[in-house]
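Q: My questions concern the predicted model and sequence given below.
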Amino acid sequence: MNEIIKEIEQAQLKESVDKFSVGDTVRVYGKIKEGNRERVQVFEGTVLKIQGGSNRETFTVRKISNGVGVEKTWPMHSPNVEKVEIVRLGKVRRAKLNYLRDRVGKKAKVKELVK
């Protein structure tokens, strides 16, 4: 039974997944279906967490829209995620940035990683 599940999950994986980490500011191009039309909508924000593994891997992105924090969780291997573009690299020392939820304005920024 376990082998069957592994084969099914392996078939659902994407060939190439964009590499990014927690704290990075990313631009997620997500497909949205409205009636019989399909369009691409961009969601730009900071990656709060990456969790799971295999085809169940997800990442959460947070942005501030009109003074209100908006979070969206995307499956990494979903066909609805067209691409993930890295805007800037973040310098963080944690795996999950839950403390950003309490912060507003400039305090909610993550330092940029300079290479």
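A: That came through fine.

Q: Output the below-cut-off pLDDT ranges for the chain.
A: Scanning the chain for pLDDT under 70 picks out 1.

Q: Give me the longest strand you can find in it.
A: strand 37-51 (DSSP state E).

Q: Could you measure from residue 31 over to residue 37?
A: Separation of residue 31 from residue 37 (C-beta to C-beta, to the nearest Å) stands at 11 Å. All C-beta spots, glycine's among them, are computed from the backbone N, C-alpha and C.

Q: higher neighbour count, those two?
A: Neighbours per residue (other C-beta atoms under 10 Å) separate residue 31 from residue 37, with residue 31 holding more: 13 against 7.

Q: if I read this right, the more buried one contacts residue 38, doesn't it?
A: Yes: between residue 31 and residue 38 there is a contact at 5.8 Å, judged by C-beta atoms under 8 Å.
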